[in-house]
Structures are given as structure tokens and as C-alpha cells.
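Colleague: Sequence and predicted structure are below.
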Amino acid sequence: MVALTDYQYQLGASGVLLNSDSLGLPFVDVTKVAGLDSAPFRETIRDREGQDGGFMDAEFETGRELSIEGTVYGIVGNTEPYLDSIKENWGPSTSLVPLYVKLPGVSQRLLFVKPRGVRYDQDTAQRIGCTPIQFLAYAEDPRLYDDNLQSFVAPYGGLATTGFGFNVSFNFSFGASIPLTGVNVINGGNRPTPALITIQGPVVNPRVINDTSGRTLAFYPLTLTVSDTVVIDLDHRTAILNGSTNVRGLMISPDWFLFPKGSTFIRFGGESGSGTATVSLRNAWR
């Protein structure tokens, strides 16, 4: 587990700790970080025809570029092995790597980034063990997340697809019934956050209902045994059965959603069965 103190940074769980001067030589002293402010907005600007003024759309954000600048303080005549370890740590990666960040007054956070290497010159400063250096990374997802992953379990709540009926002078049915039980999912950040929803069988034609926003993710026809799981990725909008089979095509008009700041009530049910729906998420920050 990565546990940083204020103003420390680390790429990956076993990466080189930046701003670790208390550990002795060699170390990196960070002097500037760029890219932890607001992520760039994706803007579209157009004029208003026939009159003054214009329109601007800025609903979404682009990826976040990150730059960390500082100085490597090394052992005179033996700095290069430490620089080699830094270059290895910040080398190219086909998958996203967590960049851990600890800032004062808030809990430890992370960005999922792809490293873009390090930049430094071979100059006279290195002869006395000082090397100015720059670390570069790119976050495809601009959200800053809490390091802590939270899980909320919604139990199976009963019938969720076939509706309910009344005995009047004839059988009259309308609507779709929803499970009576559920769970409050809490996003303690300041912006909407995605989540993974893991459905564990047994259940027939499972359905996850966002009771707060009135949105539903339902499957038909799909029968899960006690050993089956479906993982719904709300960010990438996928649904994978048992880690390998794509079952998104079995979703009925999926109404995708993110979890906004605060509390969201989630229900889980199906035509029959038991099982659970587990929501896993991190608080997200701008």
C-alpha cells in the first residue's frame, strides 16, 4: 500500500518516491507541479447568426497533461544508476498507471496516467550531483480520485421486470415493479464519478435500478448461476460475463449513468433468484 506525506508523488505502487529528502541521497526535490488544477475544457464556440454575440459549449473536459519539475540530488560520481531507475519507472506503458499524489489538507489521491518519460540534460550541474529534471504524464481520464476504493452491496430485492397486478373486476396490470430493498451509494467528491457494478448470481434477467435518477440497466434474456458474475463498467459502458464474454448486447435500452456528488439509491432485482449487486467506486474530484 502506498502511503505518502504532504507534497509527495509516486508513479505506481513500487515507483520512485518524489520529494523524499528525509531518506538521504539520492532523492528528487520537487519544485513545481503543473496539471493538478482544472482540466482543460473541451470547447466549441460559434457565432449567433444575424445578431451580436455567440454560443459556447463547454460541458466536458479533455485529458489532463501533467508535469512535475524538480532537481535530482545524487551522490557525486554515482548519479546515473538512480537516473536509470527513474527512467525505468517513467517508461512507456500500454496500460494506465496510478500516479499517487498527497497534498496538504486532503486525503491521498491518484490519477490514472500513461507516463511520457523524463527530461534532463547532461551538464556541469551533474558533476556536483545536481540534475534539474522534468517528469511528464498524460491522464486520459481527467478525474482526480481518492486512493480509497469504496464498495456498496445491494441485496436481491425480488421481482423487478414483470410488473404487478390488482384484482378488480378483471386482472389489471401496469408498470414494472422494483425491489423493495437497496443501498445508498455515496460519492464524497465534488464531481460525478464512474463505477463498476458487479452482479453475482443466481438471478434470472437481472436489473440494476438507479432510484434517484430513474435510470435502469437491465438484461434479457440472461440467467446467472451462483458461480456467474457480470461486471458493468459505467465509464467504458461495457458488460462482461465471467471476465471474458461480452453481454452488452443483452442489455435492454441501457440508460447509462454516473454517480453524482452525494447519495444515490440503488436497487437490484430480477425475475427470480438471489445474489447481489456490488457498486465499487472512488470519490472523484475536479
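Modeller: Perfect, thanks for sending it.

Colleague: Now do stretch 26-36, average pLDDT.
Modeller: Confidence over stretch 26-36 (mean pLDDT, whole number) is 96.

Colleague: Pull out the buried positions in it.
Modeller: By neighbour count on 16 or more other Cβ atoms under 10 Å, the buried set for stretch 26-36 is 26, 27, 28, 30, 33, 35, 36. For every residue, glycine as well, the C-beta is placed using N, CA and C.

Colleague: Identify, from these, the entry nearest to residue 109.
Modeller: Checking these against residue 109 with Cβ to Cβ, the nearest one is residue 36 at 9.1 Å.

Colleague: name the element the closest one belongs to?
Modeller: Residue 36 belongs to no helix or strand when assigned by DSSP states H and E.

Colleague: if we can go back for a sec, now flag whichever of the buried residues of stretch 26-36 is closest to residue 50.
Modeller: For the buried residues of stretch 26-36, the residue nearest residue 50 by Cβ to Cβ is residue 35; the value is 40.8 Å.

Colleague: Could you verify my assumption that the closest one touches residue 66?
Modeller: Yes. Counting by Cβ atoms under 8 Å, residue 35 touches residue 66, with 3.7 Å between them.

Colleague: what's the spacing between residue 286 and residue 32?
Modeller: Residue 286 is 21 Å from residue 32, where distance means Cβ to Cβ, to the nearest Å.

Colleague: quick one on the thing from earlier: reformat the buried residues of stretch 26-36 as TSV; add distance to residue 238.
Modeller: Below are the buried residues of stretch 26-36 laid out as TSV (distance: Cβ to Cβ, whole Å):
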residue	distance to residue 238
26	43
27	42
28	38
30	37
33	33
35	28
36	29
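
Colleague: Okay, and which of those residues map to helices?
Modeller: Of these, none are assigned to helices by DSSP state H.

Colleague: Out of the residues you listed, list just those in strands.
Modeller: Within those, residues falling in strands by DSSP state E are 27, 28, 30, 33.
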